[in-house]
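K.L.:
okay, predicted coordinates and the sequence, questions at the end:
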Amino acid sequence: MQESIEITWKSYLIREEGVTTFDHYIASHFQRANHHEEGIIFNPWTGGPYPTWGMPALKASKAAALQGNEKWRRFHLAIMKAFYTEGRNISCEQVLWEIAKDTGLAVEELKQKMEDPKWEHLVYEETREAQQVYGIHAIPAVVVEDRYLVEGAVPLARYQQVIEEVKSSSRFSD
């Protein structure tokens, strides 16, 4: 029996719109992420005002997916790098357009598609589902088989443990 894993990315607003500063609490999460997450560097915020709203980046990411999975993936990873590593304000649309251009997206198409109100509604719905159905209150969060929640920055071994638990379940047994 061949095993396969389907990955679906969903949006999660970690806070409502408003003024937030990069404080010791947020800094501690960046430090923890640096310890556990491979492939990205989490730098303390030094890029001016801390982003106050995740909706613009989440809507842009949803709209970017219309240009293809590979382009979306490059854009999504570049947004995370811009925020966590480079300290860029991803709540600013101008920053999003620069990232879109740098990752090969059709920027004018992205701007037009991003204006569709369905993206904002979808982000709110996915956030509601995350909180009410899965009990998610932090990022990153991974839900496997609708029953295993891996939340926050954790060692790679934790993900491997969950995958082994799923593989040993009856659904994946021969």
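P.N.:
All right, it came through fine. Numbering: from 1, shown residues only.
K.L.:
ok now stretch 129-146, how far from the chain's centre?
P.N.:
The chain centre lies 12 Å from the centre of stretch 129-146; the measure is Cα atoms, centre = their mean, to the nearest Å.
K.L.:
which is the succeeding secondary structure element to the helix or strand bottoming out on mean pLDDT in the chain?
P.N.:
The helix or strand of the chain with the poorest confidence is helix 24-36; it has a mean of 82 (mean pLDDT, DSSP states H and E). Per DSSP states H and E, helix 24-36 leads on to helix 55-64 as the next helix or strand towards the C-terminus.
K.L.:
which strands or helices does the helix or strand just after that following helix pack on?
P.N.:
Using DSSP H and E, the helix or strand that follows helix 55-64 towards the C-terminus is helix 69-80. Packing partners of helix 69-80 (3 or more Cβ pairs under 8 Å, 6 or more residues apart in numbering; DSSP states H and E): helix 55-64, helix 93-102. No exception for glycine: its C-beta is placed from N, CA and C like everyone else's.
K.L.:
of those helices, which stretch is the most buried?
P.N.:
Mean neighbour count (mean count of other Cβ atoms under 10 Å) peaks for helix 55-64 among those, with a mean of 23.
K.L.:
report the contact partners of the nearest residue to M80 once chain neighbours are set aside.
P.N.:
Spatial nearest neighbour of M80, chain neighbours left out: I40 (6.4 Å); criterion: Cβ to Cβ, 6 or more residues apart in numbering. Residues in contact with I40 (Cβ atoms under 8 Å, 6 or more residues apart in numbering) are A33, M80, K81, Y84, T85.
K.L.:
list the helices and strands the lengthiest helix in the chain packs on?
P.N.:
Identified as the longest helix of the chain according to DSSP state H is helix 117-132. The contact analysis (3+ Cβ pairs under 8 Å, 6+ apart) places helix 117-132 against helix 55-64.
K.L.:
any idea how far the helix it packs on is from the chain center?
P.N.:
On Cα atoms, centre = their mean, the centre of helix 55-64 falls 10 Å from the chain's centre.
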